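>>> got a sequence here, can you build the structure:
(4 chains)
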Protein chains: 2
Amino acid sequence: MAQVRPMRADARRNYERLLKVAAEAFAEHGEGASLDDIAKRAGVGSGTLYRHFPTRHALLEAAYLDRIEAIAARADELAAELPPGEALGEWLYELGAGMVRMRGLRALLGPAVTQTGSTVATACGDSVKSAAGRLVRAAQEEGTLRRDVEPVDVLRLAHGVSTAAELADGEGEHIRRYLTLLTEGLRP
Amino acid sequence: MAQVRPMRADARRNYERLLKVAAEAFAEHGEGASLDDIAKRAGVGSGTLYRHFPTRHALLEAAYLDRIEAIAARADELAAELPPGEALGEWLYELGAGMVRMRGLRALLGPAVTQTGSTVATACGDSVKSAAGRLVRAAQEEGTLRRDVEPVDVLRLAHGVSTAAELADGEGEHIRRYLTLLTEGLRP
DNA sequence: CACGAACCGGAGCCCCTCTCCGCACCTTAT
DNA sequence: ATAAGGTGCGGAGAGGGGCTCCGGTTCGTG
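Sure, this is the predicted structure:
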């Protein structure tokens, strides 16, 4: 994976700047942010952008890779601090809030994480999936989560809740509320 | 609202064809379907399309108006046939399945139905909102729905569930399952 | 310092959106 | 039926974004 030969200094510089600018642009304008505009804001030509990142998706993935790994790592932190059920709930909240705050993140994680037989199963999708898997299994052992749900179902529903919360425009408030409704059910 | 003078025959013909073709295109390609392509498939110039429907949103709304009214009417049918709780559940299922089948419908209903202080509160959004309101109130009277949810919350969550189900690519199966999880809650 | 390779960047092509206006067709009155 | 008028048609074209290609520049190395 790592280049056999280290990147040239100017190439590396441009690569880093593109990632930084892209993360901002995708957070602000969502998946559809203008790529030429990202290149311009990073001070490079569009050719440079497309050489480093052949597709829009490649750029999106690279721009959010660190945050996705942080999310996956956060799962283990929470698992160590809280009982399994609460750890899962809190993790889903942080995941959902992140997807509302960084709009491109939801566009990226949606397909990457929730499609089962995906031909383009991305590495970042896998790490989130396995993190979710650990929390889900633990909560099921503990008896605070139904046994008939798979990790992928939980991730899809988190995605849906984050979509619902964004419709309400609200920041964290609605996410928390809708996650509670999902957890407890709509019945009294 | 109705034209004081009836539309010219050719205008009316083009208008109808555009609606028909647009509904197909939006169902297939989602909100972002190519407008020039719709015009071409309807056998008219793009100027004609933009005169009848100044914005993409206007066309989307007009294309699905009849279906939205059918959905609203269906609420009363179900309310007459089933106990309130079941009527709400079945209605949400049909609504969600419709949004998966006709992808443009979700893009239209999302903002129209779920934004509270919307400045562009559309007429079709209102009819769905009031239909949901009747079902929700009835179910709360009956005691099968939490009293701390508003109709708009239920609609947003239905939207989210439909998004979640589409990620699973499945047709009706996943919608039904995820609605059940939402109703009963994730706890055992 | 000089050479070759790696990398840059923007000109250019294609597709989509949306506007504008000369022309064709429909309606209505005679 | 026919002519007058005005309504509606349609496609050319401007504007903008996505993506490619290749001449020129910059970097690393002997």
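
>>> hey, let's count contacts and neighbours off CA atoms from now on
Noted.

>>> restricting to C-alpha, output the host helix or strand of A:G47 in PDB.
Here A:G47, judged by DSSP states H and E, is contained in helix A:46-52. Taking Å, rounded to 0.1, in the frame of the first residue of the first chain, the C-alpha atoms of helix A:46-52 are listed here in PDB:
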ATOM      1  CA  SER A  46      -7.600  20.300 -11.400                       C
ATOM      2  CA  GLY A  47      -5.300  17.900 -13.100                       C
ATOM      3  CA  THR A  48      -3.400  17.500  -9.900                       C
ATOM      4  CA  LEU A  49      -6.500  16.800  -8.000                       C
ATOM      5  CA  TYR A  50      -7.600  14.100 -10.400                       C
ATOM      6  CA  ARG A  51      -4.200  12.500 -10.500                       C
ATOM      7  CA  HIS A  52      -4.200  12.000  -6.700                       C
END
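
>>> going on from that helix, what's the next piece of helix or strand?
That would be, after helix A:46-52 and using DSSP H and E, helix A:56-81.

>>> chain center to the helix or strand following that following helix, what's the gap?
Note on helix A:56-81: by DSSP H and E, the next helix or strand toward the C-terminus is helix A:84-101. Averaged C-alpha coordinates place helix A:84-101 at 11 Å from its chain's average position (CA atoms, centre = their mean, to the nearest Å).

>>> got it, and stretch A:43-62?
19 Å.

>>> which residues sit against it?
For stretch A:43-62, contacts defined as CA atoms under 8 Å, 6 or more residues apart in numbering or on different chains pick out A:14-15, A:18-19, A:22-23, A:26, A:31, A:35-36, A:39-40, A:104, A:108, A:124.

>>> low-confidence stretches in chain A?
Chain A contains residues with pLDDT under 70 at A:1-4, A:116-121, A:170-171.

>>> repeat the analysis, applying 80 as the threshold.
Applying pLDDT under 80 to chain A flags the ranges A:1-5, A:114-124, A:169-172, A:188.

>>> excluding covalently adjacent residues, which one is nearest to whichever residue of it sits closest to chain B?
Residue nearest to chain B within chain A: A:G185 (3.4 Å; CA to the nearest CA). Spatial nearest neighbour of A:G185, chain neighbours left out: B:G185 (3.4 Å); criterion: CA to CA, 6 or more residues apart in numbering or on different chains.

>>> circling back to that earlier point, now for the contacts of stretch A:43-62: which two are most distant?
Pairwise distances across the contacts of stretch A:43-62 (CA to CA) peak at 27.4 Å, for the pair A:K40 and A:C124.

>>> who has more neighbours out of these two?
A:C124 (21 against 15; other CA atoms under 10 Å in any protein chain shown).

>>> picking that back up, list the buried residues in the helix holding A:G47.
A:L49, A:Y50 (16 or more other CA atoms under 10 Å in any protein chain shown).

>>> same check on stretch A:83-99?
A:84-99.

>>> quick check, the one helix or strand A:L155 maps to touching chain B?
Using DSSP H and E, A:L155 sits in helix A:151-167. Yes. Counting by CA under 8 Å from any CA of the partner chain, chain B is contacted by helix A:151-167 at A:R156, A:L157, A:H159, A:G160, A:V161, A:S162, A:T163, A:A164, A:A165, A:L167.

>>> gap between A:G89 and A:A132?
Applying CA to CA, to the nearest Å, the value for A:G89 to A:A132 is 11 Å.

>>> and if you look at A:L145?
Distance, A:L145 to A:A132, using CA to CA: 13 Å.

>>> could you double-check that the residue of chain A closest to chain B sits in contact with B:L181?
Yes. Using CA atoms under 8 Å, A:G185 is in contact with B:L181, at 7.3 Å.

>>> in stretch A:160-177, which residues are buried?
By 16+ other CA under 10 Å, the buried positions in stretch A:160-177 come out as A:160-168, A:172, A:174-176.

>>> export that stretch to PDB, keeping only CA atoms.
The C-alpha trace of stretch A:160-177 is given here as PDB (Å, rounded to 0.1, in the frame of the first residue of the first chain):
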ATOM      1  CA  GLY A 160     -31.700   6.800   8.900                       C
ATOM      2  CA  VAL A 161     -32.000   8.600  12.200                       C
ATOM      3  CA  SER A 162     -29.300  11.000  11.200                       C
ATOM      4  CA  THR A 163     -31.200  11.700   8.000                       C
ATOM      5  CA  ALA A 164     -34.400  12.300  10.000                       C
ATOM      6  CA  ALA A 165     -32.500  14.600  12.400                       C
ATOM      7  CA  GLU A 166     -31.100  16.600   9.600                       C
ATOM      8  CA  LEU A 167     -34.500  17.300   8.200                       C
ATOM      9  CA  ALA A 168     -35.300  18.900  11.500                       C
ATOM     10  CA  ASP A 169     -32.100  21.000  11.000                       C
ATOM     11  CA  GLY A 170     -31.400  20.700  14.700                       C
ATOM     12  CA  GLU A 171     -27.900  19.900  15.800                       C
ATOM     13  CA  GLY A 172     -27.400  17.200  18.500                       C
ATOM     14  CA  GLU A 173     -30.800  17.700  20.100                       C
ATOM     15  CA  HIS A 174     -32.900  15.800  17.600                       C
ATOM     16  CA  ILE A 175     -30.400  13.000  17.100                       C
ATOM     17  CA  ARG A 176     -30.500  12.200  20.800                       C
ATOM     18  CA  ARG A 177     -34.300  12.300  20.800                       C
END
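
>>> name the helices or strands packed onto the helix holding A:L155?
helix A:84-101, helix A:103-114, helix A:123-142, helix A:172-184, helix B:103-114, helix B:151-167 (3 or more CA pairs under 8 Å, 6 or more residues apart in numbering or on different chains; DSSP states H and E).

>>> near DNA strand C, which residues of chain A?
A:7-8, A:10-15, A:43-48, A:51-52 (CA under 7 Å from any atom of the strand).

>>> just the residues you listed now: which is nearest B:V113?
So of the residues of chain A next to DNA strand C, ranked by how close each gets to B:V113 (CA to CA), first place is A:S46, at 39.4 Å.
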